[in-house]
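>>> Fold the stuff below for me.
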Amino acid sequence: MKAVVEPLEGNKVKLSIEVEEDEFEKAIDAAFRKIAREVRIPGFRPGKAPRRILEARLGKEAGRTEALRDALPGYYSQALRDHDVDAIAPPEIDITAGEESGAVAFDAVVEVRPQLKLAGYQGLRVEVPSPEVTDEEVDAQVDRLRSNFGELKSVDRPARDADHLTIDLKGSRDGEEVAGLTTDDFLYELGSGTVLPELDEQLQGAKVGDILAFDADLPGGKVQFRVFVKDVKEKLLPEVTDEWASEASEFDTVEELRSDISKRIGMVKKVQSTIALRNSTIDALVELVDIDPPAPLVDAEVQRRVHDLEHRLQAQNATVGEYLEATGQTPEQVVESMRDGAAGAVKADLALRAVAEAEQIEPTDEDLDAEIARLAEAYRVKPPELRRNLDRADQMPAVRSDWKKTRALEWLLERVEIVDPEGRPVDRALLEPASPEDLTASAENPESENQTENPEQPEAETAEQ
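The predicted structure follows:
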């Protein structure tokens, strides 16, 4: 078999493939063996009728037609591998010779993955949250812990944020009491916003004995509220002393407590900043891509995300129908909502491939062996078995590509300029991967008797590769 690759406009190539007559005869033989299993010839068991009998009964063209249908995809796939053509869509095939006899020739026009030339990736500048812990952050955590040990004391002054008010609350609509909106002796923290924004607004500056009336728009219509203020208390926090620290934690001194709080905040901030560094670097890289992502790649990424959603729902014993009902979306809206993210993921993929190509990032045999071993451990199979499966499925090029993209991202992360939101340089050493012990410590239950409350964990959106 011979093949010639010709670039075309529109990010396509044409493969002109020729198959010698002797080689194609093998495909015809295979086609007649297949036909023999599917048709009944008197005097022969299924699959045992010889080719000459089948040709006499069905005609020579039957075998050639079957061979063209079955063998051309294999010839096409072999040409892709031989010439390293990265096709991203089904081909348009046109048989140019050999439909009736002789050697076979056909053209295959197919869209290929774009190969980008990125300018500016060597000088990326990204912003991440500062991983450094401030005294104010430690103070805030200390105050949260103090709040757990605070005492409420009645005060004779107007209510203000953080005060605790005892109120009688009554909600009604058209004179009828609304279930769930009426309660007596309700202890409410002013400014918490846990009931209604209007309630916080009305209670600001209220005093014991005040009766407040206001309306609020809620699902189902307007609700009339009446509030009676029965008590106003402020929370008195304990003094920050070594004695208090020993009662509130496992530490004997305030200094030890603050040091532990600082360490835990630092671990969480390091994780947040490290995730932000990766995501921001990918985002900055995507900004350098000046082409629209090919539709076949975006469609494939959307389908991958749809399948991922289905698997996650199954793991939660939920169905797609239940998800659609809960979110109020149609299947088309769900798919469309994934399209922007999919397009960004495709751009990131193309950009990382471009960096790997420009920097000549290539795996050695040892690198691939290590990658196979890593994947085998994840899939809980032996490395030789996984390699055989990957070879049979023609997936080793994908493994090689994923390795290159991963190393390309690592190459970028080692070289980007890192600044905090104020534009100050961030010490890269502060973003070194945390130890497993540190990560465990930062994730421990903040409500345990010897721990302080951790800052909120980040919600990181990771671009797909």
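>>> What residues sit buried inside whichever helix or strand Leu375 is part of?
Using DSSP states H and E, Leu375 falls within helix 365-379. Residues of helix 365-379 classed as buried: 371-372, 375-376 (neighbour count, 16 or more other Cβ atoms under 10 Å). Glycine gets a C-beta too; all of them are placed from N, C-alpha and C.
>>> now that helix: mean pLDDT?
Average pLDDT, helix 365-379: 95.
>>> what packs against that helix?
Other helices and strands packing on helix 365-379, by 3 or more Cβ pairs under 8 Å, 6 or more residues apart in numbering; DSSP states H and E, are helix 383-392, helix 396-413.
>>> Let's have those in CSV, adding distance to Leu165.
Listed next are these as CSV, based on distance: least, Cβ to Cβ, whole Å:
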stretch, distance to Leu165
helix 383-392, 64
helix 396-413, 51
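>>> can you state the direction angle for the helix holding Leu375 and helix 396-413?
With axes from the mean of the first three to the mean of the last three Cα atoms, to 10 degrees applied, the angle from helix 365-379 to helix 396-413 works out at 100 degrees.
>>> Break this protein into its domains for me.
2-111, 151-236, 270-443 (automatic domain parsing).
>>> Now distance to Ser259 too, for these, in CSV please.
As requested, the domains of the chain are exported to CSV (distance: least, Cβ to Cβ, whole Å):
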stretch, distance to Ser259
domain 2-111, 54
domain 151-236, 26
domain 270-443, 13
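>>> among these, which is nearest Arg258?
Evaluated over the domains of the chain, closeness to Arg258 peaks at domain 270-443, with 15.8 Å, by Cβ to Cβ.
>>> then the helix holding Leu375 to CSV, C-alphas only?
What follows is helix 365-379 as a C-alpha-only set of coordinates in CSV (Å, rounded to 0.1, in the frame of the first residue of the first chain):
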residue,chain,number,x,y,z
ASP,A,365,11.0,4.8,26.7
GLU,A,366,11.6,5.0,30.4
ASP,A,367,9.1,7.9,30.7
LEU,A,368,6.5,5.8,28.9
ASP,A,369,7.2,2.8,31.0
ALA,A,370,6.7,4.9,34.1
GLU,A,371,3.4,6.4,32.7
ILE,A,372,2.1,2.9,31.9
ALA,A,373,3.0,1.8,35.4
ARG,A,374,1.1,4.8,36.9
LEU,A,375,-2.0,4.2,34.7
ALA,A,376,-1.9,0.5,35.5
GLU,A,377,-1.9,1.2,39.2
ALA,A,378,-4.9,3.5,38.8
TYR,A,379,-6.8,0.9,36.7
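>>> What are the contacting residues of stretch 381-397?
77, 81, 368-369, 372-373, 375-376, 379, 399 (Cβ atoms under 8 Å, 6 or more residues apart in numbering).
>>> Leu145 and Gly344: what is the separation?
Distance, Leu145 to Gly344, using Cβ to Cβ, to the nearest Å: 41 Å.
>>> Spatially, which residue comes closest to Thr182, not counting chain neighbours?
Closest residue to Thr182 apart from its sequence neighbours, by Cβ to Cβ, 6 or more residues apart in numbering: Lys170 at 4.8 Å.
>>> Now name the helix or strand holding that neighbour.
With elements taken from DSSP H and E, the one containing Lys170 is strand 164-173.
>>> Can you list the low-confidence ranges for the chain?
Low-confidence regions of the chain, defined here as pLDDT under 70, cover residues 433-465.
>>> Quick check: next helix or strand after the longest strand anywhere in it?
For the chain, the strand reaching the highest residue count under DSSP state E is reported as strand 221-236. Elements were assigned by DSSP H and E; along the chain past strand 221-236, the next helix or strand is helix 242-248.
>>> Give me the buried positions along that following helix.
Going by neighbour count (16+ other Cβ under 10 Å), the buried part of helix 242-248 is 244-245, 248.
>>> Throw the residues you listed into JSON lines and include distance to Ala108, thanks.
Formatted as JSON lines, the buried residues of helix 242-248 follow (distance: Cβ to Cβ, whole Å):
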{"residue": "Trp244", "distance to Ala108": "78"}
{"residue": "Ala245", "distance to Ala108": "75"}
{"residue": "Ala248", "distance to Ala108": "73"}
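>>> can you tell which of the helices and strands packed on helix 365-379 is closest to Ala300?
For the helices and strands packed on helix 365-379, distance to Ala300 was read as Cβ to Cβ. The smallest value, 12.7 Å, belongs to helix 396-413.
>>> neighbouring contacts of the very next helix or strand once past the closest one?
Per DSSP H and E, helix 396-413 leads on to strand 417-419 as the next helix or strand towards the C-terminus. When contacts are defined by Cβ under 8 Å, 6+ apart, strand 417-419 is touched by residues 123-128, 277, 425-426, 428, 431.
>>> 6 Å instead, please
For strand 417-419, contacts defined as Cβ atoms under 6 Å, 6 or more residues apart in numbering pick out 125, 127-128, 425-426.
>>> Just the buried ones from these?
By neighbour count, with 16+ other Cβ under 10 Å, the contacts of strand 417-419 hold 127-128, 426 as buried.
>>> Which of those fall within strands?
Glu127.
>>> circling back: and the longest strand of the chain, what does it pack against?
Applying 3 or more Cβ pairs under 6 Å, 6 or more residues apart in numbering; DSSP states H and E, one finds that strand 221-236 makes contact with strand 151-154, strand 164-173, strand 211-218.
>>> Comparing those strands, which stretch has the densest surroundings?
Each of the helices and strands packed on strand 221-236 was scored by mean neighbour count; the highest is strand 164-173, a mean of 18, by mean count of other Cβ atoms under 10 Å.
>>> Pull up the pairing partners for the helix or strand following that strand, direction included.
In the C-terminal direction, the helix or strand that comes right after strand 164-173 (DSSP H and E) is strand 176-177. Using DSSP bridges, the neighbouring strands of strand 176-177 in the sheet come out as strand 164-173 (antiparallel).
>>> Any chance you could give me the strand it pairs with in PDB, C-alpha atoms only?
As requested, the backbone C-alpha atoms of strand 164-173 are provided in PDB (Å, rounded to 0.1, in the frame of the first residue of the first chain):
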ATOM      1  CA  HIS A 164     -28.800  38.500  69.400                       C
ATOM      2  CA  LEU A 165     -32.400  39.500  69.600                       C
ATOM      3  CA  THR A 166     -35.300  37.500  71.100                       C
ATOM      4  CA  ILE A 167     -38.300  38.200  68.900                       C
ATOM      5  CA  ASP A 168     -41.900  37.000  68.200                       C
ATOM      6  CA  LEU A 169     -42.300  36.700  64.500                       C
ATOM      7  CA  LYS A 170     -45.600  36.400  62.700                       C
ATOM      8  CA  GLY A 171     -46.100  36.100  58.900                       C
ATOM      9  CA  SER A 172     -49.500  36.200  57.200                       C
ATOM     10  CA  ARG A 173     -50.900  36.400  53.800                       C
END
